[in-house]
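Participant: Attaching a predicted model along with its sequence, questions to come.
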Amino acid sequence: MKTIDLVERIEGEAKLSCSWKNGVICDASIDFLNFRGFEYILKGKSPLDALVYTPRICGICGQAHLKASVEALEDIYKNLNEPLTLTPKSLLLREIGLNIEIIDSHIKWFYMFIMPDIVKLQNSDLGIYTPLKGSRWLEASKTASETIKGLALIGGQWPHTSYMIPGGVMSDPTLLELTSIQNYMDYAIRFFENSISGVDFDTYLSFSNIKDLDLLKGDLEYFKNIAITNSLQKLGTSHDRFISLASSSLFDEGIIRQRTAYKIDLGKIKESSEHTFSLNKEENNSSKTTWSKSVSYNNSFFETGPLSRALISKESNRKFIKELHKQYNDSAMVRVLARMDELAHLLESTKNLISKVDISEESFIKPKYSLKDIENGQGKAVVEACRGSLYHNVIIQNGKIKNYDVITPTVWNLGPKNKNENGVAQEAIIGSPNIEIAKIILRSFDVCSVCTTH
Amino acid sequence: MTNKQKPTIVWFQAITCNGNTHSLLSANSARLELFLNSFDLIYHPSLTVDKTLEDILNQKEKIDYLLVEGAISSNKDIFALKNSTTNDLLNKLALKANYIIAVGSCACYGGIHKKFEEDKTISGIKENINEKILKNLKHEIINLNGCPVHPEWILQTLFTLKAYGKISLDKEKRPIELYSTLAHHGCTRNEYFEWKIEGSFGEKEGCLFYEQGCRGPMTHSSCNKILWNDISSKTRVGMPCIGCTENDFPRNDMLETKKNIGIPQDVPLGISKRAYLSLTGIAKTFKIDRLNKKLME
């Protein structure tokens, strides 16, 4: 038997086709039927205009694209032996901005995309979690919009600002503004304590044991109980291989394939269009089913995102997720808990970063020459975005963009299979007992159609 | 149900980045809550759970307000929703609507997606809705330009339509009250603009019009009057206005000022280049100490 379901309440829409055997999904395909062609749009544009274009690839992770763009452009200078000087202040303001965006995204994802489906497994009435009406939904939405004010104080607005520029950042926040940003983080921390985890923030951060799962209160306890009742601690497992391309204050680059290696060779990343539609209609055939490409590292698929980051992290304070993974593998429940755990650690880490900003430093040091004066140049950058590793690769010729390649986190997780193995989310969905569970497993990857196909 | 007397809203997403949705969600939370209590948002692809787009397409009842986010295309091979083109779905929804509001630059004119030249059919909603349907609307299509649109522009427009049934539009079909003034109005760098003191990136001081490409003096928007996320704006922090509320967005070289012989090619709206140059010459003869120093020393 075969069924097709259109999945909404992700960022965009996906088509989920499932084959069933003995009441269980035995094969699945996740297809994205729309394409916006950003890599085509960027061709021939002035390099700095990429800073305006790429954030518009996605309305929720635009700052990750901005940071990847600016760093790819700076990498061009470096490759031409004219590296730009950046002050610690400008680097901090970029990381703080990106972190706040991830915080906003994680809060929205849990309450808008995960909880309504989870609660529905148990109740017909979603109660306080009812979208647009429930008190907790509204409280979560309020917390997200309060938090994002911190980014507006650095970037002018959110969504869609381009405040990062080769040489630094455009803004120059005051001490009062930095204090306000701390206040917004504290507001989100209170929400995490009171509603999400139900325990004191420092207590939560000290969680390091599988037994700490029993200490959870609040919405995470509610989530965990329904998850276990529905076997989500066993369902949703994929290849159990993880990748994180970029390092930051909280994240480390590396891969896990049985054991952790903290070294990434970007040359081992390969994009494939084997199952991807082509703009040239004549090239399309029945094996082409989606606009998403697939991407592999050293010829294997890897999961990217908060679970990967927690497992690859050298920090001992992500031990809670590492222990949960030892017990429950890369199941849907662990994947969700990893993202919410990352929310807590990001809040703590971001507060720390804000306290390190020295406002007496320069925000911007003008490059000696313009990117428009560059005849031939190439630059790459990797950034950890809310959904995982983001990669930008830009080639400049005669001062214009000749080629711009973007590999988003969702291409890692939601891309189609290849000859050797199923795609990451595809593999996770196989084994689902019904379509509701299959959709929750799909959503556990934080699906974004617009990012996947860009 | 109390919902019965509340006007219904359907939010349709076509070719978009979802930026306008996230802009709305980032509205002042008291305002957002009032909005959700005053209207019945019966369908939004990422937010609602009660109804699917299929249900809306099958319903007989009228939609009071159809909000469209994203550009429209009639090319099914490149962009398909529910196995249909966005043009097809838009027309089916428009047939049921009393009011249609284009939310964001993409829905107004095709925006950034129109730059994807491999699909020549990408454009704004007006060009895609059947003429006959347009005649049956209670109001001409309202354009809320911006990339993204400010959440207050959506809320104020909807509340005004709910109260008065109509709203005055400018020649770009944008609400006059929201788009009559320039992004320049309320800019905290205005004094530097008046005395022609150039700014640079990363500083609180100076005007971004002369070098950084700021379009504040020629862009209709209220970004500096009502502020973003309640507290900020691009020019306040030091990012030039990129003119995203005008129909020519996105332009080329948005982060630099185009010049001819050292003079900005485009001058503030409503003044001749000659007059502007004379004024600049005079203003520059004044050396105002206060404005040539750091604000906080």
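Facilitator: Structure received. Residues are numbered from 1 along each chain as shown, chains lettered A, B, ... in the order given.
Participant: Need the contact partners of stretch A:70-82.
Facilitator: Residues outside stretch A:70-82 that contact it (Cβ atoms under 8 Å, 6 or more residues apart in numbering or on different chains) are A:47-48, A:50-51, A:83-84, A:86, A:94, A:164-167, A:367-369, A:371, A:374, A:377-381, A:383, A:392-394, A:396. Just so you know, the C-beta spots here come from the backbone N, C-alpha and C atoms, and that holds for glycine as well.
Participant: got the buried residues for that stretch?
Facilitator: Buried positions in stretch A:70-82, judged by neighbour count with 16 or more other Cβ atoms under 10 Å in any protein chain shown: A:Val70, A:Glu71, A:Ala72, A:Leu73, A:Glu74, A:Asp75, A:Ile76, A:Tyr77.
Participant: Next, name the residue at the spatial heart of the chain.
Facilitator: Let's take chain A. The residue at the geometric middle of chain A, judged as the C-alpha nearest the mean C-alpha position with Cα atoms, centre = their mean, is A:Arg387 (1.5 Å).
Participant: which residues in the chain form strands?
Facilitator: Looking at chain A here, since you left the chain open. With DSSP state E as the criterion, chain A has strands at A:2-10, A:12-21, A:24-31, A:164-165, A:168-169, A:242-244, A:254-257, A:259-261, A:269-272, A:294-297, A:376-385, A:388-397, A:400-407.
Participant: not quite, I wanted chain B
Facilitator: Using DSSP E, the strands of chain B run over B:8-13, B:40-43, B:63-69, B:97-103, B:142-144, B:259-260, B:263-264.
Participant: would JSON lines of those with mean neighbour count be doable?
Facilitator: Compiled in JSON lines, the strands of chain B are given as follows (neighbours: other Cβ atoms under 10 Å in any protein chain shown):
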{"stretch": "strand B:8-13", "mean neighbour count": "24"}
{"stretch": "strand B:40-43", "mean neighbour count": "21"}
{"stretch": "strand B:63-69", "mean neighbour count": "26"}
{"stretch": "strand B:97-103", "mean neighbour count": "25"}
{"stretch": "strand B:142-144", "mean neighbour count": "25"}
{"stretch": "strand B:259-260", "mean neighbour count": "10"}
{"stretch": "strand B:263-264", "mean neighbour count": "16"}
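Participant: mind checking how far the residue of the stretch 101-250 of chain B found nearest chain A is from B:Gly238?
Facilitator: Residue of the stretch 101-250 of chain B nearest chain A, by Cβ to the nearest Cβ: B:Gly202 (3.0 Å). Taking Cβ to Cβ, to the nearest Å as the measure, B:Gly202 falls 6 Å from B:Gly238.
Participant: before we move on, what about B:Pro268?
Facilitator: B:Pro268 is 20 Å from B:Gly238, by Cβ to Cβ.
Participant: same deal with A:Met112?
Facilitator: Here A:Met112 is placed at a distance of 32 Å from B:Gly238 (Cβ to Cβ).
Participant: wait, B:Gly19 sits on B:Gly104?
Facilitator: Yes - taking contact to mean Cβ atoms under 8 Å, the distance of 7.0 Å between B:Gly19 and B:Gly104 places them in contact.
Participant: and for the two, which residues touch both?
Facilitator: Overlap of the contact sets of B:Gly19 and B:Gly104 (by Cβ under 8 Å, 6+ apart) consists of B:Cys147, B:Pro148.
Participant: Quick check on those two: which one has the bigger neighbour count.
Facilitator: For B:Gly19 versus B:Gly104, neighbours defined as other Cβ atoms under 10 Å in any protein chain shown are more numerous around B:Gly104 (33 against 30).
Participant: With neighbour numbers in mind, choose between B:Pro268 and B:Gly238.
Facilitator: More neighbours sit around B:Gly238 than around the other of B:Pro268 and B:Gly238, counting by other Cβ under 10 Å; the figures are 29 against 15.
Participant: quick one, what contacts that one?
Facilitator: With contacts defined as Cβ under 8 Å, 6+ apart, B:Gly238 is in contact with A:Gly156, A:Tyr163, A:Met170, A:Ser171, A:Asp172, A:Ser363, B:Gly199, B:Phe201, B:Gly202, B:Glu203, B:Lys204, B:Leu208.
Participant: before we move on, what about A:Ala68?
Facilitator: Here A:Ala68 is in contact with A:Thr54, A:Ala381, A:Val382, A:Val383, A:Leu390, A:Tyr391, A:His392, A:Val406 (Cβ under 8 Å, 6+ apart).
Participant: Please tell me how far the fifth one sits from A:Gly97.
Facilitator: As judged by Cβ to Cβ, A:Leu390 and A:Gly97 stand 15 Å apart.
Participant: do the same with A:Ile60
Facilitator: A:Ile60 is 14 Å from A:Gly97, where distance means Cβ to Cβ.
Participant: who's in contact with B:Thr235?
Facilitator: Listed by Cβ under 8 Å, 6+ apart, the contact set of B:Thr235 reads A:Gly156, B:Ala183, B:Cys187, B:Thr188, B:Arg189, B:Leu208, B:Cys214, B:Gly216, B:Cys223, B:Asn224, B:Cys241.
Participant: Distance of the nearest residue to A:Ile102 once chain neighbours are set aside relative to chain B?
Facilitator: Sequence neighbours aside, A:Cys386 is the residue nearest to A:Ile102 in space, at 4.4 Å (criterion: Cβ to Cβ, 6 or more residues apart in numbering or on different chains). Counting by Cβ to the nearest Cβ, to the nearest Å, the gap between A:Cys386 and chain B amounts to 12 Å.
Participant: tell me the pLDDT at A:Cys386?
Facilitator: Turning to A:Cys386, the model gives it a pLDDT of 98.
Participant: One more: A:Arg9?
Facilitator: In the prediction, the pLDDT value recorded for A:Arg9 is 87.
Participant: Count the residues that sit near the residue nearest to A:Val7 when sequence neighbours are not counted.
Facilitator: If the residues on either side of it in the chain are set aside, A:Val7 comes closest to A:Ala14, at 4.6 Å by Cβ to Cβ, 6+ apart. A:Ala14 is flanked by 26 other residues according to other Cβ under 10 Å.
Participant: A:Ala14 is in contact with A:Asn34, isn't it?
Facilitator: No - taking Cβ under 8 Å as the contact criterion, A:Ala14 and A:Asn34 are not neighbours in contact, 9.9 Å apart.
Participant: Give the residues shared as contacts by these two.
Facilitator: Common contacts of A:Ala14 and A:Asn34, defined by Cβ under 8 Å, 6+ apart, comprise A:Ser449.
Participant: got a list of contacts for the least confident helix or strand in chain B by mean pLDDT?
Facilitator: Within chain B, confidence by mean pLDDT, DSSP states H and E is lowest for strand B:263-264 among all helices and strands, at a mean of 88. Outside of strand B:263-264, the residues that reach it under the criterion Cβ under 8 Å, 6+ apart are B:Phe209, B:Tyr210, B:Thr257, B:Lys258, B:Lys273, B:Leu277.
Participant: how does it look with 7 Å?
Facilitator: Surrounding strand B:263-264, the residues in contact under the criterion Cβ atoms under 7 Å, 6 or more residues apart in numbering or on different chains are B:Phe209, B:Tyr210, B:Thr257, B:Leu277.
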